[in-house]
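Asker: After the sequence you'll find the predicted model.
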Amino acid sequence: MVIVEPWRTPFLSFVHFACGIRAARRLWPKLDAMATMIEHERSTYEQWLGQPDLIRRTVLRHFAPVREKIGCGKWNFTGTPSKG
């Protein structure tokens, strides 16, 4: 299983700040796309970001980690199915 999901990090906090700057959104199309996604899915997105321990515990119940890294506003997880 490979998972790449948004994760609250200092970098993501900066990106959220930049989403509020109109000029930055015009200059960086990916930032504009993220800001648009947040505008349309704010409650789900904030709920996801607010439950990192629950999400990680749930994944670890079903998958043994092979590689895991949190950085640049993302959680990167690679795992194999747990036995049991």
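Answerer: Noted; the coordinates are in hand.
Asker: Could you list the buried residues of the helix or strand hosting residue 42?
Answerer: In this assignment (DSSP states H and E), residue 42 forms part of helix 29-49. When burial is assessed from 16 or more other C-beta atoms under 10 Å, helix 29-49 yields the following buried residues: 31, 34, 35, 38, 48, 49. Bear in mind the C-beta positions are built from the backbone N, C-alpha and C, glycine included.
Asker: And the third one, how close does it get to residue 72?
Answerer: In this structure, residue 35 and residue 72 are 17 Å apart, going by C-beta to C-beta, to the nearest Å.
Asker: which residues in this structure form helices?
Answerer: Remark: helices of the chain, listed N- to C-terminal, are 10-19, 22-27, 29-49, 52-62; assignment by DSSP state H.
Asker: Turn those helices into CSV, including distance to residue 1 and mean pLDDT.
Answerer: Converted to CSV, the helices of the chain look like this (distance: least, C-beta to C-beta, whole Å; pLDDT from 0 to 100):
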stretch, distance to residue 1, mean pLDDT
helix 10-19, 22, 96
helix 22-27, 33, 97
helix 29-49, 17, 97
helix 52-62, 8, 96
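Asker: now those as JSON lines including distance to residue 3?
Answerer: As requested, those are exported to JSON lines (distance: least, C-beta to C-beta, whole Å):
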{"stretch": "helix 10-19", "distance to residue 3": "16"}
{"stretch": "helix 22-27", "distance to residue 3": "27"}
{"stretch": "helix 29-49", "distance to residue 3": "12"}
{"stretch": "helix 52-62", "distance to residue 3": "7"}
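Asker: Just the pLDDT for residue 84.
Answerer: According to the prediction, residue 84 has pLDDT 62.
Asker: from now on call the first residue 34
Answerer: Fine by me, first position is 34 from now on; the one you just mentioned is residue 117.
Asker: and the residue lying closest to residue 57 once chain neighbours are set aside, what does it touch?
Answerer: The spatially closest residue to residue 57, leaving aside those adjacent along the chain, is residue 51, at 4.7 Å (C-beta to C-beta, 6 or more residues apart in numbering). Residues near residue 51 by C-beta atoms under 8 Å, 6 or more residues apart in numbering: 57, 58, 61, 64.
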